[in-house]
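Student: Here's a sequence, model it:
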Amino acid sequence: MITIKSLVKTYHTNGRKVQALNGVDLDISTGMFGLLGPNGAGKTTLMRILAGIANLSGGSATVDGHDLSTEQGKHAVKSMLGYLPQELGMYPELTAYQFVDYMAILKGLDEPGERREWVEKAIELVGLTDVAGRKIKSYSGGMKRRVGIAQALVNDPKLLIVDEPTAGLDPEERIRFRNLLVKLAVERTVILSTHIVEDIAQTCRDLAVLVHGSVIFRGSPIELMQAASGHVWTLTTSAMEKPNHDLSVVSMLHLAEGTQYRLVGASAAEYPEAKEVQPGLEDGYVWLMKRTGQTEEVLA
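Tutor: Below is the predicted model:
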């Protein structure tokens, strides 16, 4: 459905040229697709281009055959698009129903009866029917994100783009939101752009890692995990200093006998007591960043 070839985006800021995207190549089909990378990697820029909001500087991008380098193509894509940006401005004094209804009007749903059906369906899909009459200012962070998804779904889009949707949510709300996205991806293409590895691990079968505007990995979560095989260990020690020797600490667990470190690196030979373990997706991501010289980016 989505074909991106040699995509380039250049900004000019204060007389300086900034390359936000540098020759991105991607093909994305129906289902859940994860776009993973550190802050500043170019994820939001790519999402804005796919949403028809930002112009591309070079290369090509098409959605369902529509060329995003043309105004006609952008208009066609917007008619099939649902977009939840990183920061969605809402009117806190409106109820959820009023806000989604307002967004439906902006999307061209002018016939009142038809619009009411679409608004009610979108609100039901995100599980807010019982509280749709409450003002948005009374909602939790997770509920506001669900209002954001409802406004994105009100035109029954074939393509749904969500940018950093779970940032700042508590664990229960993040799980609920991820489950909702998986459900929505059954009938459409959903692109999840995030720097949170766990969100990708729990939702996506296909992903790309973007760093400094370039794709440095494309494949399945399993493939990314397998790439770190033989490079992940746990080490339990009572020493105060963290292990170094070119090893990245992925996590720490305080135990009665000391601190257990989860380590990723080329070798743990300096620590013979370290035990090799099976990698998870976060380990695979850290190992990818290490071997491509981006360790500081992922661990910042």
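Student: Show me what L36 bridges to in the sheet.
Tutor: As for beta bridges, L36 partners with T194, V209 under DSSP bridges.
Student: Touching, it and L207? I think so.
Tutor: Yes. Between L36 and L207 there is a contact at 5.7 Å, judged by CB atoms under 8 Å. All C-beta spots, glycine's among them, are computed from the backbone N, C-alpha and C.
Student: Now the common contact residues for these two.
Tutor: Counting by CB atoms under 8 Å, 6 or more residues apart in numbering, the contacts common to L36 and L207 are I200.
Student: Give me the below-cutoff pLDDT ranges for this structure.
Tutor: The chain contains residues with pLDDT under 70 at 240, 245, 295-300.
Student: give me every residue that touches the most centrally placed residue in it.
Tutor: Among the residues of the chain, S193 comes closest to the average C-alpha position under CA atoms, centre = their mean, at 2.0 Å. Residues near S193 by CB under 8 Å, 6+ apart: L35, K43, T44, L46, M47, I161, V162, D163, E164.
Student: one more time with 6 Å, if that's ok
Tutor: Listed by CB atoms under 6 Å, 6 or more residues apart in numbering, the contact set of S193 reads L35, K43, M47, D163.
Student: Give the bridge partners for the last one, please.
Tutor: Here D163 sits in beta bridges with S193, as judged by DSSP bridges.
Student: For L36 and L207, indicate the residue with more neighbours.
Tutor: Each of L36 and L207 has its neighbours counted (other CB atoms under 10 Å); L36 has more, 28 against 24.
Student: Look up how far L181 lies from that one.
Tutor: Separation of L36 from L181 (CB to CB, to the nearest Å) stands at 15 Å.
Student: same check, this time on T292
Tutor: 28 Å.
Student: So between those two, which is more surrounded?
Tutor: L181 (20 against 16).
Student: Backbone torsions only: list them for that one.
Tutor: Dihedral pair for L181: phi -60, psi -40, per degrees, to the nearest 10.
Student: Quick one: residues contacting it.
Tutor: For L181, the contact set (CB under 6 Å, 6+ apart) comprises V190, T203.
Student: again, but for K144
Tutor: Shown in contact with K144 (CB under 6 Å, 6+ apart): no residues.
Student: if we can go back for a sec, can you redo the contacts of S193 as CSV, where the extra columns are neighbour count?
Tutor: As requested, these are exported to CSV (neighbours: other CB atoms under 10 Å):
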residue, neighbour count
L35, 27
K43, 26
M47, 22
D163, 22
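Student: Let me know the distance separating the residue nearest to T30 when sequence neighbours are not counted from L247.
Tutor: Excluding its sequence neighbours, the residue lying closest to T30 (CB to CB, 6 or more residues apart in numbering) is T189, at 5.2 Å. The gap separating T189 from L247 is 39 Å, by CB to CB.
Student: how about the strands in this protein?
Tutor: Remark: strands assigned in the chain by DSSP state E are 2-13, 16-28, 31-36, 58-63, 66-67, 81-84, 159-163, 189-194, 206-211, 214-219, 232-237, 248-255, 258-264, 275-276.
Student: Good, wrapping up.
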